[in-house]
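Student: Give me the fold of what follows.
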Amino acid sequence: MKPLKLSVSDMAKKLGVSRKTLSKIINCRGAVTSDMALRLSQAFKTSPGLWLGLQQNYDLWHAHHDSKDWQRVKAIAA
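Tutor: Next up, the predicted model:
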């Protein structure tokens, strides 16, 4: 948002969401939902899949690094 010289409040207004909602996403306390992906894709002329993919990559990275429980699962098929 800095290159666009937009504050969180300004960007939230343009997206039609609350400042709190956008702030949570920016500060990694909230996730990009399908609705937000549509809003971001419209605002930045991208695809919703881009935003959902970024969120999925973030979630998978954290799942991989924050928990090791998944490593105990044994393969069912060869």
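Student: So Lys5, which state does it fall into?
Tutor: With DSSP: H, G, I helix; E, B strand; the rest coil as the basis, Lys5 sits in coil.
Student: any idea how far it lies from Arg72?
Tutor: Lys5 is 49 Å from Arg72, where distance means Cβ to Cβ, to the nearest Å. The C-beta positions use only the backbone N, C-alpha and C, and glycine is treated the same way.
Student: any idea which helix is longest in the protein?
Tutor: Longest helix of the chain, by residue count under DSSP state H: helix 48-66.
Student: Walk me through the domains of the protein.
Tutor: Structurally, the chain divides into domains by automatic domain parsing as follows: 1-30, 34-68.
Student: Setting aside sequence-adjacent positions, which residue approaches Ser41 most closely?
Tutor: Distances taken as Cβ to Cβ, 6 or more residues apart in numbering place Pro48 nearest to Ser41, at 4.5 Å, with adjacent residues excluded.
Student: For the one you found, give me its contacts.
Tutor: 34, 37-38, 40-41 (Cβ atoms under 8 Å, 6 or more residues apart in numbering).
Student: Just the buried residues of those.
Tutor: 37, 40-41 (16 or more other Cβ atoms under 10 Å).
Student: Kindly indicate which of those residues lies nearest Ser18.
Tutor: Ser18 lies nearest to Leu40 out of the buried ones among the contacts of Pro48, by Cβ to Cβ, at 15.1 Å.
Student: Check the burial of Lys20 by counting its neighbours.
Tutor: Lys20 is flanked by 11 other residues according to other Cβ atoms under 10 Å.
Student: what's the helix or strand for it?
Tutor: Assessed by DSSP states H and E, Lys20 sits inside helix 19-26.
Student: CA atoms only: put the helix or strand following that helix into CSV for me.
Tutor: Using DSSP H and E, the helix or strand that follows helix 19-26 towards the C-terminus is helix 34-44. This file holds the C-alpha atoms of helix 34-44, laid out as CSV (Å, rounded to 0.1, in the frame of the first residue of the first chain):
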residue,chain,number,x,y,z
SER,A,34,-12.9,-16.0,-0.8
ASP,A,35,-14.8,-12.7,-0.5
MET,A,36,-11.6,-10.8,0.3
ALA,A,37,-9.8,-12.5,-2.6
LEU,A,38,-12.6,-11.3,-5.0
ARG,A,39,-12.3,-7.7,-3.6
LEU,A,40,-8.5,-7.7,-3.9
SER,A,41,-8.6,-9.1,-7.4
GLN,A,42,-11.0,-6.4,-8.5
ALA,A,43,-9.0,-3.7,-6.9
PHE,A,44,-5.6,-4.8,-8.3
